[in-house]
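Undergrad: Sequence first, then the predicted structure, then my questions.
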Amino acid sequence: MTIHLETQSDLEEAVHALIKRDPRLKPVLEIAGMPALRRREPGFTGLAHIVCGQQLSTASAAAIWGRLSAAFDPFDHEAVSRARTDRLGRLGLSAAKIKTLKHLAREINAQRLNLDVLAEEDAEAAHHTLIALPGIGPWTADVYLLFCLGHGDAWPAGDIAVQEGIKVGLGLQARPTEKQMAPLAEPWRPLRGAAAHLWWSYYRVIKKREGVISNQLAIGAGAFGHEVDDGAHRRQLD
C-alpha cells in the first residue's frame, strides 16, 4: 500500500516513524527542524508547471507561467492540444518545452497516460513511467511524484542537495552517487519521500551554517529557484 503525504501531519508522522526506524536521523531532525510539506497541483497542470520552469530563474519561470495562465483558462492538456505552436512560443515556451507539453497532451487525450494514478503505483514504476516521456528527466519525475501527488516513497536519488545532506548528516567521506543513493535509502522505505523532505531541510540549514557548500549545489525542490534539469538531477545556477 502506497503511503501519501497529503497534510503536514502526514509528513510529521512519517518523519517520526523514520527516526524510530533509523536513529541516525534524530540529530538530523534536531538540526533541520520539522520540514514543511510543500504541494503543487496534480495532473497535467502540475507537471506542465514544472516543465515550464526548467532551465529558468524563478522570476522568468513565474512570468512565463503567468502569461500562459492568462492566455488559457485553464492551462490544461486540452488547451495545449488546441494551441498553435507559434502562439505558445510567443508566450515564452521554448521549442523543446512545447514538444514535451504537446506530447503529454496527446498521450492524455489518447488515454495512454493517466498522471493521477501514478500516486498509487510503486515509486520506481511511477518514476520510470514518467522518465519514458520526452522532456521529463529523473528529477522532474520525482518532483512531480513528491510535490504534486504526495507520493510517500518517491526518492530523488539524483538531487545533489539530498546527496550532500546525506554526506554530511551520515558522516560519509564523499557525496554519494545516484547509484549509491538507492541502498542508502533502503532503510527508509516506504517513507523515502518524507526522508527527502527532511534531507532538503537539513541541507538548507547546514548550507547557511557552514557557508562553504558551493552555490552550484541544488537547493532542493522546496525552493524551485534558478534550476536546471539536466536529465540526471537538479542543480542551482548562479
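TA: Happy to help now that I have it.
Undergrad: could you pull out the strands for the chain?
TA: In the chain, the strands defined using DSSP state E lie at 227-229, 234-236.
Undergrad: which residue sits closest to Gly92, ignoring its sequence neighbours?
TA: Ile64 (3.8 Å; CB to CB, 6 or more residues apart in numbering). Glycine gets a C-beta too; all of them are placed from N, C-alpha and C.
Undergrad: From Ala95, how far out is the residue most central in space within the chain?
TA: By CA atoms, centre = their mean, the mean C-alpha position of the chain lies nearest to Val143, the distance being 1.6 Å. Remark: distance between Val143 and Ala95 (CB to CB, to the nearest Å) = 23 Å.
Undergrad: Check Val205 too.
TA: Distance of Val205 to Ala95, computed by CB to CB: 40 Å.
Undergrad: Show me which of the two is the more surrounded one.
TA: Using other CB atoms under 10 Å as the criterion, Val205 and Ala95 rank with Val205 on top: 14 against 10.
Undergrad: Now do the buried residues in the longest helix along the chain.
TA: Of all segments of type helix in the chain, defined using DSSP state H, the longest is helix 192-210. Buried residues in helix 192-210, counted by 16 or more other CB atoms under 10 Å: 192-204, 206-207.
Undergrad: how deep is Thr129 tucked in, by neighbour count?
TA: 18.
Undergrad: OK, contacts around it?
TA: Residues counted as contacts of Thr129 (CB atoms under 8 Å, 6 or more residues apart in numbering) are 113, 118, 121.
Undergrad: correct me, but the second one touches Leu146?
TA: What that stands for is Leu118. No. Taking contacts as CB atoms under 8 Å, Leu118 lies outside contact range of Leu146: 11.5 Å.
Undergrad: between those two, who's got more neighbours?
TA: Neighbours per residue (other CB under 10 Å) separate Leu118 from Leu146, with Leu146 holding more: 28 against 24.
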